[in-house]
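Engineer: coords please:
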Amino acid sequence: MTIATLNHRFDGPADAPVVILGPSLGTELGMWDAQIPELSREHRVLRYDLRGHGRSHPVPGTDSIADLVGDVLTLADSYGIRRFAYAGVSLGGAVGLWMGVRHPERLTGLIACCTSARFGEPEGWRERAATVRAQGMRQLADTVIRRWFTPEYIEREPAAVRRILEMLYACPPEGYAGCCDALAGYDLRAELGRISAPTLVIGAERDPSTPLEHARELAAGIPDATLVEVADAAHLANIQQAEAVTSAMLAHLTAGVRG
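Structural biologist: Numbering: from 1, shown residues only. Predicted coordinates:
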C-alpha cells in the first residue's frame, strides 16, 4: 500500500480533542469552511485533501478505500494523534466507515454525512474514471454540481456553488479517477455491525447521490447509531444546510466527550 502525503490544516486549540474532517470526491478541505468557526472552539480540527486532490500528492496506480484510510492514519500518526473523532462527507464518510470497521481502536466517535455502505455498481465508477482520464473534469463537473445542490440553492447562492464548482474544475483528473477506482471496490454492507464507535449518520432529504435510504441503511446496520435527516438539502448538506449539520455534529461530539 503506497501512502500519499496529504495537504492538511489545523484549526482550534492545540490541546483540545481532535476531530478529523474528510472531504467529498473532487473537493478540497475548504468544503468544511462553514463548520470551522463552531467546531474549532472546543476541538482541534484537522482537515485534509484526498490523495491527488487539491495540494495533496497523487499516487500512481489503482487506489482502494484502504489506501485512503492509510493516508489519514499516517497523517494522524505523524502528529502523534492516536485517538480522534472523524467526520466525512460522501467519499470522506466512506473513509470513516471503513476506519470504523478495520481500525476501531483509533476512533472516539464517527460522523457519516451523505454517504453510503456502497455507492452503486462498480462498473459505473470504472466508466467515470475512464471518462475523466480521457476527457478531463470540466464536463463531468457541470453535471455533478446539479446533484450536489438543489436547483433553488444554485439560483439563490451562486457564489457558494461556484466556489465548489471551481474545486471540481481544478481537481487533477488522475486524482479524481483514482478515487473512483477506490469507490468501485467499496462495499461495507455486510460489515456495518462491526463499527463500535459512537456514530452519527446524517442524510439529506433531496440528495440524489446518496438518498435517504442509504443513510437509513447505515443507521440500521451500525449498532446504536443516531440518524439525523436534514431537510431541503442535496448531497453537500454541510454547505447547503450548514447550521443544521454543524449543530448535529457538535451535539454528537460533545456527547462523546462527556461519555
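
Engineer: so who does the nearest residue to Val19 once chain neighbours are set aside touch?
Structural biologist: Of all residues not flanking Val19 in the chain, Ala85 sits nearest, at 4.3 Å (CB to CB, 6 or more residues apart in numbering). C-beta here means a position set from N, CA and C on the backbone, and glycine is covered the same way. Residues in contact with Ala85 (CB atoms under 8 Å, 6 or more residues apart in numbering) are Pro17, Val18, Val19, Ile20, His43, Leu107, Thr108, Gly109, Leu110, Ile111, Leu253, Gly256.

Engineer: by neighbours, which of those wins?
Structural biologist: Most neighbours among these, by other CB atoms under 10 Å: Ile111, with 30 neighbours.

Engineer: remind me which residues of this structure are low pLDDT?
Structural biologist: 1-2, 256-259 (pLDDT under 70).

Engineer: buried ones in the top helix by length along it?
Structural biologist: Longest helix in the chain by number of residues (criterion: DSSP state H): helix 242-258. Residues of helix 242-258 classed as buried by neighbour count (16 or more other CB atoms under 10 Å): Ala242, Ala244, Val245, Thr246, Ala248, Met249, Leu250, His252, Leu253, Gly256.

Engineer: looking at the contacts of Ala85, which one is closest to Leu218?
Structural biologist: Leu218 lies nearest to Leu110 out of the contacts of Ala85, by CB to CB, at 10.3 Å.

Engineer: so the closest one, which state does it fall into?
Structural biologist: strand (DSSP: H, G, I helix; E, B strand; the rest coil).

Engineer: tell me the contacts of it?
Structural biologist: Contact analysis of Leu110 by CB under 8 Å, 6+ apart lists Ala85, Tyr86, Ala87, Gly96, Leu97, Met99, Gly100, Ile195, Ala197, Pro198, Thr199, Leu200.

Engineer: can you lay out the residues you listed as TSV showing secondary structure?
Structural biologist: Shown next, in TSV, are these (three-state DSSP):
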residue	secondary structure
Ala85	strand
Tyr86	strand
Ala87	strand
Gly96	helix
Leu97	helix
Met99	helix
Gly100	helix
Ile195	coil
Ala197	coil
Pro198	coil
Thr199	strand
Leu200	strand
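
Engineer: correct me, but Ala242 touches Gln35?
Structural biologist: Yes: with contact defined as CB atoms under 8 Å, Ala242 and Gln35 form a contacting pair (6.9 Å).

Engineer: next one: the one helix or strand Gly124 maps to to chain centre, how far?
Structural biologist: Here Gly124, judged by DSSP states H and E, is contained in helix 122-135. Chain-centre distance of helix 122-135: 20 Å, with CA atoms, centre = their mean, to the nearest Å.
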